[in-house]
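K.L.:
okay, here's the prediction I keep looking at, along with the sequence it came from:
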Amino acid sequence: MAEEQAVQAAPVPARATSAPATPANKPAVAASPAAPAGVATAAAAALAGAGGALAAQYKNLTDKLYEKRMVAALDVEALVRDLAAKREEEQLTMVLRCLGEDLVGNPQANFKKGGMIALAAAAIALGPETKKYLDYLVPPILACFYDPDARVRYYAVEAVFNIAKVAVENVLIYFNELFDGCCKLVADNDTSVQKAAVLLDRQLKDIVTQSCTCDLKRFVPLLRERILTNNPLVKHFIIAWLSVLDSVPNIELVKYLPEYLWGLFDFLHASRDGSTSDQDSVVSETTAVLGELQKELSGGRDVQYFAIIKVVAHFAGCEDELTKQTALQWISTLLDIAPHEILPCADLLVAVIYNLRSSSKEIEGIAGAANAKLQAIVSQSTTSPPVNEYIANFLKLVGSRSPETRLAVLQWLALLHDKYPQCVAEHVNDIFHAIATTLSDPSDDVVQSGLTVMAKLSNNESYFQRLMRGLVNLFREDRALLRARASFIVRHLVRLMPPDVVYTSLARILEDEKDLAFAGECVQTLNLIMLTSRECAGLRRQLQRSPACAASRALFEVLYRSWCHSPASVFSLCLLCQAYTHASQLLVSFANLEITVSFLMELDQLVQLIESPVFVHLRLQLLEPQNNPCLLKCMYGLLMLLPQSSAFDLIKNRLNSVAKFELLALRAAAYVPGPNMSTIPAIPDDPTSTAAACAAAAAAMAAASTPIVRPQCGPATPEQLSHFDALQERHRLFRNKTEGGGNS
């Protein structure tokens, strides 16, 4: 037969793969039990009824020789043409039915081959009238697509090819069955069957393209099942069909995109696992189809954006970079087209944040842009996104290895708190617990964002105290963090909240701290931050107003109780607050302390601070010793505590400068007339009498002048000094215990 020769000569791609298992849902074709060989059947009777001379063709149709079957098929063609011309539809239907049931439905291969050739010949004879009889022509042959005999499968494909050529668009009522059969046969083990299936597939595509019709509602469920294949040949077959259907103007394939989008992305992902020509070809073809479908998202009708984004978000989290990049490009497009439709998908946000850190700069760029778009959409949206789902996912991502991901999560939590504070408040306990781990993060940006979120959540007093206690606990458990990052953390925290509130809370917590070594170290750190950081400038000014302001004195008293954990720190606090009398009394208590290396290092650091701009008011007040005698005592007491060192020299030089200034002042006062200056003796140039003269001049000046009375915090109360002594005694016992020195 000419058609058979054409099919056999058709080229086919040079690849051999095992055919997939026969689908469980074969086309339902009714086939009656075949008659035993050699027994007259209804087909023979029908042929005899149509013309006795043709009854003999029944034998030839079942002959082993192809030539005899072809001759018999031509006779059947003539018979059918004659019956059609005479409009003997009943006889014609009987012939076709018997050919399908008794020949094609027979288990013997030759019967099937002859029956299929005869049905194809009948279709050719019927011509345009074939559409009336397709139910008798096509279903029996479709069942042979799954026959175990390769030659039978080949004849089945050939027969359908010839019928489709005559029936054209009318054959599309069996499109699902034909598609399913070809889906199997393009990967058939037999090369000739593959070639025949490729030709039939090409013909079906031409018919669909020319007719511009396809029942997608019926076809898509089948496509959804078949697209989950692992066979490269079947993948090529499905991708080609999607490309054809997408190119037909009247077929809106994008409307059903969620049904098969998973399979397409899976093609892209799974085919990247190897590196064969077939797999590379699948990837390139899939990428092209996905690109075309992506362009059609904005113009489609009834597009299911939410269902689409759920599929895309899943594949944005896979390991393959090409798949991730393609998925992120889809996300970016969907954010431009339908932002509010896809916003309820919590997985979308996870997919974007997950890819903010990638080995591919392109992926990072797309993810970063998508994240910015999402933040802008949520900020401006009048409808609430699924905040609870967002937060649940964020809490899982806080522990991500990627600092970019951790930072984005914290920024999102801050955004959600600003936009939906009541919703976020429902999860405040979980958020606090999760964010606490970020305070020890090596990334400064992550720490800042974590503190920002915690500060926002701390508008409630109980949560604020929880934040402060959590911070102290974190420093206690990680001393390296205390030494390396405490300054950064506290400085950022006092930018977010009032410094006096932060320091008051920390001081009250540290006052009752059981770990005395930690308490001392923590107080030293907080004191240094307070005295040196720009963020605490307001706090320092507030404390300097302690002599005249009750609120400042109250703050001093709160800090004092915990600052007593560190002698040098409490001494510097008194100097800052101008409580010089108090400071001088503390110096007396220092005589009872164990002078350790750590204590001397603190004093050395304090000397450096005294020489800094923070204590410029103190240095200027040294110029008025008659008004600040306790300050002078403090400086000389500090000098006596220090060993011979650079710090000792600094204080000594400073005090020597003050002494020289006083000497000059006394000389000037000796020659300046005043209301009470007549009794001030002149200061001689003889150095041997300078000391006595200075003393006399000073006494005269003291009697002649009225000292300026400066307000101070007042002398230390017995309770304050007792608290300091008791706390230092506890420190001594703690050091002895930890160092194994007993309680001496």
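P.N.:
Structure received.
K.L.:
going by C-alpha atoms from here, please, whenever you check contacts or count neighbours.
P.N.:
OK.
K.L.:
ok, now which ones touch Ala408?
P.N.:
Ile353 (CA atoms under 8 Å, 6 or more residues apart in numbering).
K.L.:
ok, it to Ala156 distance?
P.N.:
Computed with CA to CA, to the nearest Å, the distance linking Ala408 and Ala156 is 60 Å.
K.L.:
now Thr504. Its backbone dihedrals?
P.N.:
Per-residue torsions, Thr504: phi -60, psi -40 (degrees, to the nearest 10).
K.L.:
just to check, it is in contact with Tyr560?
P.N.:
No. Judged on CA atoms under 8 Å, Thr504 makes no contact with Tyr560 at a distance of 10.3 Å.
K.L.:
give me the more crowded residue out of those two.
P.N.:
Set side by side, Thr504 and Tyr560 show more neighbours around Tyr560, with 21 against 16, by other CA atoms under 10 Å.
K.L.:
centre of the chain to the helix or strand the more buried one falls within, how far?
P.N.:
When elements are assigned from DSSP states H and E, Tyr560 belongs to helix 550-563. On the basis of CA atoms, centre = their mean, to the nearest Å, helix 550-563 sits 45 Å off its chain's mean C-alpha point.
K.L.:
hmm, who's touching whichever helix or strand comes after that helix?
P.N.:
Using DSSP H and E, the next helix or strand after helix 550-563 towards the C-terminus is helix 567-576. For helix 567-576, the surrounding residues in contact (CA under 8 Å, 6+ apart) are 523-524, 527, 540, 543-544, 556, 560, 563-564, 580, 582-583, 586, 590, 599, 602-603, 606, 615, 618.
K.L.:
just want the angle from helix 567-576 to helix 550-563.
P.N.:
Counting by axes from the mean of the first three to the mean of the last three CA atoms, to 10 degrees, helix 567-576 lies at 170 degrees to helix 550-563.
K.L.:
I'd like the next helix or strand past helix 567-576.
P.N.:
Helix 567-576 is succeeded, C-terminally, by helix 580-590 (DSSP H and E).
K.L.:
just the buried ones from the contacts of helix 567-576?
P.N.:
Among the contacts of helix 567-576, those scoring as buried are 523-524, 527, 540, 543-544, 556, 560, 563-564, 580, 582-583, 586, 590, 602-603, 606, 618 (criterion: 16 or more other CA atoms under 10 Å).
K.L.:
show me what the helix holding Tyr560 is packed up against.
P.N.:
Contact partners of helix 550-563 among helices and strands, from 3 or more CA pairs under 8 Å, 6 or more residues apart in numbering; DSSP states H and E: helix 499-511, helix 537-544, helix 567-576, helix 718-739.
K.L.:
weakest of the ones you listed by average pLDDT?
P.N.:
Of all these, helix 718-739 carries the lowest average pLDDT, namely a mean of 78.
K.L.:
and that one, which residues are buried?
P.N.:
By neighbour count with 16+ other CA under 10 Å, helix 718-739 contains the buried residues 720-721, 723-725, 727-728, 731-735.
K.L.:
need the max-distance pair from these.
P.N.:
For those, the maximum inter-member distance is 22.6 Å, found between Gln720 and Arg735 (CA to CA).
K.L.:
can I get the buried residues of helix 718-739 in TSV with distance to Asn355?
P.N.:
Listed next are the buried residues of helix 718-739 as TSV, based on distance: CA to CA, whole Å:
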residue	distance to Asn355
Gln720	57
Leu721	59
His723	56
Phe724	55
Asp725	58
Leu727	53
Gln728	54
His731	51
Arg732	54
Leu733	55
Phe734	51
Arg735	51
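K.L.:
just the residues you listed now: which is nearest Tyr136?
P.N.:
Phe734 (101.3 Å).
K.L.:
if I look at the closest one, how far off is Arg224?
P.N.:
73 Å.
K.L.:
my guess is Arg224 contacts Pro258. True?
P.N.:
No. Taking CA under 8 Å as the definition, Arg224 is not a contact partner of Pro258, at 9.4 Å.
K.L.:
between those two, who's got more neighbours?
P.N.:
Neighbours were tallied for Arg224 and for Pro258 using other CA under 10 Å; the higher tally belongs to Pro258 (20 against 15).
K.L.:
Met162 contacts Ala120, correct?
P.N.:
Residue 162: Asn, not Met. Yes. Proximity of Asn162 to Ala120 meets the contact threshold set by CA under 8 Å, at 6.0 Å.
K.L.:
which of the two has more residues huddled nearby?
P.N.:
Ala120 (26 against 20).
K.L.:
quick one, phi psi at the nearest residue to Thr532 once chain neighbours are set aside?
P.N.:
Computed as CA to CA, 6 or more residues apart in numbering, the closest residue to Thr532 that is not its neighbour in sequence is Val614, at 7.3 Å. Taking degrees, to the nearest 10, you get phi -60, psi -40 for the backbone angles of Val614.
K.L.:
what's near enough to touch Leu410?
P.N.:
Going by CA under 8 Å, 6+ apart, the list of residues near Leu410 reads 398, 446, 449-450, 453.
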